[in-house]
Each structure stands twice: as C-alpha cells, then as structure tokens.
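>>> A predicted structure for the sequence below; I have some questions about it.
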Amino acid sequence: MNDGVNGVALAVFIFFFLAVTVMGFLAARWRKAENEHSLDEWGLGGRSFGTWVTWFLLGGDLYTAYTFVAVPAAIYAAGAAGFFAVPYTILVYPLIFTFLPRLWSVSHKHGYVTTSDFVRGRFGSKGLSLAVAVTGILATMPYIALQLVGIQAVLDVMGVGGGEDTNWFIKDLPLLIAFGVLAAYTYSSGLRAPALIAFVKDTLIYLVIAVAIIYIPVKLGGFDDIFANAGEKFTTTGVGGLVPAEAGQWTYATLALGSALALFMYPHSITATLSSRSRDVIRRNTTILPLYSLMLGLLALLGFMAIAAGVKVENGQLAIPQLFENMFPDWFAGVAFAAIGIGALVPAAIMSIAAANLFTRNIYKDFIKPDATPAQETKVSKLVSLLVKVGALAFVLTMDKTVAINFQLLGGIWILQTFPALVGGLFTRWFHRWALLAGWAVGMIYGTVAAYGVASPTQKHFGGSSKEIPGIGEIGYIGLTAFVLNLVVTVVLTFVLKAAKAPEGIDETSPEDYTADAGDPGVQKDLTPVH
C-alpha cells in the first residue's frame, strides 16, 4: 500500500462525489409530484419509473459497492468457490419473472408500499406482517453498514484519514462527511435521489470493468499467466483453487440456490420494484438485468488478477482497491474509486428508505398510530431513514469489520425465512397464517443457532454461513436448510390448523388483483391503502 495520500486519485474521487451530491439534491425536482407529503412519492418515487430508470435503480440496488469489493475478494482468498455469486444472479431472474409482476399488480391495486403490507392484506395477520417487517429491518441494517465498509476501503487505499495512530475523529471524518451528505439528500429527495445517481454509478462501473478486463491482463502478460499465478498460489497455500473442490460442491450449490431465493426478499429489492410504473416494466427488467451478471463474472476475475499482480493485504476487502491503485494511472484509479464509492451511496440510500418504509407502515401505523395521515407517514419515514443510517454508521465505526460481514451473512439466512409468506402468498391462500408464523420462527431460530455455532480461524462464533445438513451429512448453506425446515413446519401445521378449523383471517385481495395493470379499471389512482 502506498504511503501518504494519492492526491490525483482523491481529486477525481471528490469531483464525482460532488457531482452526484448535486444530482442527489436536484432529484427532488425531477418528476416533481403534486403531493410531496406521501410515502408513495418519497419512498417509491411516485411509482412512476419506466424500464431504463428501473433497470439502473435495480442494478444499483443489487450490485453494490460491497459486491464490487467482496466478490473478487472472495476469489482472491478462496479461489473459484467465490464464483457462487455469478450463478445465483442468473438463477434469480427466471424466478422473479414468475412472481414480481404479481406482487407489483396487487401492490399497485391496494396501495401496498412494503412486503409486510401485502402479507397483512393477504393473510389478515398483523403478527405475521410484523414478523416480516422486523426480519426485513434486521437483515437490512448490516447490509447498509457494509456499503460504508466499501467506502472506507477506498478511502484507506487512497491514504485518506491517516494511519492507525491517527485520532479516531480525524481518521473517520471522510466517512462521516460522506454519510452526512447521503443522509441529507436521501431525506430531501427520497427514492428519486438514488434513481438519478444510479445512472452515474452504473456507467462508471461498466467503464471501469471494461477497462480493467483488458488493460490489467495486458500489463500482467495475459490470462494464461494470471491463471497460472493464481493456481500456483492456491497449490502452495493449500487454500482454494481454480476449480471448486469436490468436498465443497454441496456448499457451492446450496449457497447459490439459497442466495437466489433470498435476493428479492430484501426490502430494498422490493422497494425498487414497486417504484416502476407498470407490470410490463418488471417483466422487461427480468429479461435485461442478466447483463449485470455478465459484468459480475468479469468483475470476479479481478480476484485472480490481484493474485497475479502480487497484491498483499491483511484485509482481503482491500485487495481490489489496492489492485486498482497499483495497476491504473492515478487519474483512472480515482475513477475506479469513485465507481466503488458511488456504488455504496446508491444502495445505502435505497436500503435506508426501504427499512424506514417497513417501520412506518408496519410498526408505526399498524401498532402505534393507526390513524396516521400520509403526511405523518412520510415525516416518520424520513426520520427513521436517518436513524437507520446513523445505526449503520455506528456499527461500522465501533465494531470490527468482520462482525459486519458476519451479520450480513446472518441477514441472508433471516430474510430467506420470509419467502413462504411472500411468494407463497402470491400464488395461494392455502397456507395458514399461524403456520407461516410458526415456520418463520423455526427457520429464524435454527438459522441463528446454527450460524452461531460456526467457527472460523479468526473467530469462535458466526464464522461462516455453511454447516452440515442434518440427515444428509454434507456441508451446505444454513439459510437453505432453515428454509426447508420452515416450509416443512408451515405445511404440516397448515394441515393441522385447517383440520382444527382455526380462524384463517380475512383476505382483502381478489384473484384479478394479481394481474391488474396501471391503466385497468378499478386500480386505485391515489394509491391509498385498502383496509
């Protein structure tokens, strides 16, 4: 790592950061709404985004700064096993093609802003709705924290903040400034800010990847030398390899499948989806979003390039920023760092908005102030979005970074347990609400306890997300095992509760709601929730 501050790279980084900051504040005037005091306007951009805006917003939402840093870092540390992120982002798009248009339709018809809104309306259960909301908030918090970790990694490589002996305030001041700006324009502009900035973020990322995949291999002697060097390193250390080991194939497959099932359970993914203006926008996006998976495959190769370039870092998350600093001219390193930094701001903004919407709609309105007006809802959501970001910032500044990573892994296990209620509810009303709640509880408890028992060379608990699958004996993704247990409990208890004629709650939706489009008769124009 270079000593001192990389002035040229820092200047380029600051230029782009200031540019997106201005865009963030100007976004409040973009497609300005007649009624700004509405959660639909602030939290969903007025549900007005077309195909390309939604594509960039979803891309900015799903392919984050942490993706930019962590996927190639996993390849750098463990070899081809880190490529699991590529197949799971391919698996997810046919999956969401089947259910996201249905979710969009019923949400548009009834004015639902969150997945918990839908669950409450479909199953007539505030308890189940609360479980889904709390799970979403818990899973989102460490995800936001990891975006700040991505920014911090870039700042560290540029030499900003001083060394380890520097006063904590001076060291963390750049991150505090970035956080303050993010909080300000999110509060002001809502979802419109990350939607507008996502254009810049994705353009920069595509540019950096295109240049890196050509320029760096040329400097390193070609891909033959890159793979040879990486293979030699894995052979020497005995850790990882160019091909996943046979013993790890169950882990690879279950992690890819479980991650695919979980990805669109996250609140921020749903928030970006519901902001689109029609169900056809969603269907088109599921066909063109795989372009990001192509980018992700190329991005993952940077891990092998970091090995071939001789990058040595104690924290693997710094491997790719350090590769950029070592290989690129200073000015283009600044562009790459800006891509990572802005790649953190976009999803962090969407995630904080999504978590705030969950709290406002499914905790504040359902349990604290049922008669809250749209203006009060919007005000509460704005304030909570700030609190969420403050919590994530405190998490990053006070805890070891590996703790944040482990909690994010735990978040994936947790959020997958909402799949039966959400996706199951979109296709059938057969599941009993109490059975879904019991299945969720079993999945959450098993997943948390199992993850707690996983040790790693550096920590005693929460050292990973894979463990032996009961009854099979293979090592697999804990989240998928918990999901199977969740589903089994839900199905069995549904039979029992139906036989006992337990009350099932009132379904406020009707079959035609799941195929309704924006212009159809009967679809609410004001998008106020139906109860």
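Thanks, I have it.
>>> Name the residues that touch the helix or strand containing Leu497?
Per DSSP states H and E: Leu497 is located in helix 478-499. Under the criterion CB atoms under 8 Å, 6 or more residues apart in numbering, residues 254-255, 257-259, 261-262, 412-413, 416-417, 419-420, 424, 430-432, 434-436, 438-440, 442-444, 446-447, 450-451, 454, 465-467, 469-470 lie in contact with helix 478-499. The C-beta positions use only the backbone N, C-alpha and C, and glycine is treated the same way.
>>> Determine the longest helix present in the protein.
Longest helix in the chain by number of residues (criterion: DSSP state H): helix 126-158.
>>> chain center to that helix, what's the gap?
Distance of helix 126-158 from the chain centroid (CA atoms, centre = their mean, to the nearest Å) equals 8 Å.
>>> How about the helix or strand following that helix, which residues are buried there?
Sequence-wise, the next helix or strand downstream of helix 126-158 (DSSP H and E) is helix 168-189. Across helix 168-189, burial judged by 16 or more other CB atoms under 10 Å covers 171-175, 178-179, 181-183, 185-189.
>>> list the buried ones in the helix or strand just after helix 168-189?
Counting by DSSP H and E, the next helix or strand C-terminal to helix 168-189 is helix 192-220. Buried residues in helix 192-220, counting neighbours by 16+ other CB under 10 Å, are found at 192-202, 204-206, 208-209, 212-213, 216-217, 220.
>>> average pLDDT across stretch 259-275?
Averaged over stretch 259-275, pLDDT sits at 92.
>>> From start to finish, how long is that stretch in a straight line?
23 Å (CA to CA, to the nearest Å).
>>> thinking again about what came up before, chain center to the helix holding Leu497, what's the gap?
Offset of helix 478-499 from its chain centre (CA atoms, centre = their mean): 26 Å.
>>> Nearest to the middle of this structure, which residue? Look it up for me.
Nearest to the mean C-alpha position of the chain, counting by CA atoms, centre = their mean, stands Leu62 at 5.3 Å.
>>> residues in contact with that one?
89, 263, 269, 289, 292, 347.
>>> Would you list the phi and psi of Gly19?
No, residue 19 isn't Gly; it's Ala. phi -60, psi -50 (degrees, to the nearest 10).
>>> what does Asn6 give?
Dihedral pair for Asn6: phi -80, psi 90, per degrees, to the nearest 10.
>>> ok, now Glu504?
Dihedral angles (degrees, to the nearest 10) for Glu504: phi -100, psi 0.
>>> what's the nearest residue to it if we skip its chain neighbours?
Among residues not flanking Glu504 along the chain, His432 sits closest, at 6.1 Å (CB to CB, 6 or more residues apart in numbering).
>>> Does that neighbour touch Ala502 like I think?
Yes. Counting by CB atoms under 8 Å, His432 touches Ala502, with 6.6 Å between them.
>>> These two: which has the busier surroundings?
Each of His432 and Ala502 has its neighbours counted (other CB atoms under 10 Å); His432 has more, 25 against 15.
>>> From Ile363, how far off is the more buried one?
24 Å (CB to CB, to the nearest Å).
>>> for the helix or strand where Thr251 lies, packing partners?
Using DSSP H and E, the element containing Thr251 is helix 249-263. Packing contacts for helix 249-263, counted by 3 or more CB pairs under 8 Å, 6 or more residues apart in numbering; DSSP states H and E, involve helix 85-110, helix 401-416, strand 466-468, strand 475-477, helix 478-499.
>>> again, only using 10 Å
helix 85-110, helix 401-416, helix 419, strand 466-468, strand 475-477, helix 478-499 (3 or more CB pairs under 10 Å, 6 or more residues apart in numbering; DSSP states H and E).
>>> Where do the strands of the stretch 301-450 of the chain begin and end?
Remark: strands of the stretch 301-450 of the chain are absent; assignment by DSSP state E, counting those that start in this stretch.
>>> Next up, the contacts around Ile177.
Residues near Ile177 by CB atoms under 10 Å, 6 or more residues apart in numbering: Phe17.
>>> try 8 Å this time
Contacts of Ile177 (CB under 8 Å, 6+ apart): none.
>>> Tell me the pLDDT of it.
pLDDT, Ile177: 84.
>>> in the stretch 151-300 of the chain, which segments are predicted with low confidence?
161-171 (pLDDT under 70).
>>> now do the chain
For the chain (pLDDT under 70), the answer is 1-3, 31-36, 161-171, 399-406, 519-531.
>>> redo that, cut-off 50
Residue ranges of the chain with pLDDT under 50: 1, 525-531.
>>> circling back to that earlier point, quick one: buried ones out of the contacts of helix 478-499?
Neighbour-count burial (16+ other CB under 10 Å) is assigned, among the contacts of helix 478-499, to 254-255, 257-259, 261-262, 412-413, 416-417, 419-420, 424, 431-432, 434-436, 438-440, 442-444, 446-447, 450-451, 454, 465-467, 469.
>>> Please tell me how far Val491 sits from Ile350.
To Ile350, Val491 is 34 Å away according to CB to CB.
>>> Same question for Leu91.
22 Å.
>>> Contact partners for the residue nearest to Val380 when sequence neighbours are not counted?
Among residues not flanking Val380 along the chain, Thr360 sits closest, at 4.8 Å (CB to CB, 6+ apart). Residues near Thr360 by CB under 8 Å, 6+ apart: 39, 377, 380-381, 384.
>>> Which of those has the largest number of neighbours?
When neighbours are counted by other CB under 10 Å, Leu39 leads the contacts of Thr360 with 28 neighbours.
>>> surely that one meets Thr378?
Yes. Under the criterion of CB under 8 Å, Leu39 makes contact with Thr378 at 5.4 Å.
>>> Distance to Ser125 for the helices and strands packed on helix 249-263 - can I get that in JSON lines?
Formatted as JSON lines, the helices and strands packed on helix 249-263 follow (distance: least, CB to CB, whole Å):
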{"stretch": "helix 85-110", "distance to Ser125": "16"}
{"stretch": "helix 401-416", "distance to Ser125": "19"}
{"stretch": "helix 419", "distance to Ser125": "17"}
{"stretch": "strand 466-468", "distance to Ser125": "31"}
{"stretch": "strand 475-477", "distance to Ser125": "28"}
{"stretch": "helix 478-499", "distance to Ser125": "12"}
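>>> Just name the most buried of the ones you listed.
Mean neighbour counts were taken over these using mean count of other CB atoms under 10 Å, and the top value, a mean of 24, falls to strand 475-477.
>>> From Val20, how far out is Tyr206?
16 Å.
>>> what's the burial count for Leu386?
Leu386: 15 neighbours (other CB under 10 Å).
>>> dump the residue contacts of the residue lying closest to it once chain neighbours are set aside.
Spatial nearest neighbour of Leu386, excluding adjacent residues (CB to CB, 6+ apart): Ala183 at 5.5 Å. By CB under 8 Å, 6+ apart, the contact set of Ala183 is 385-386, 389-390.
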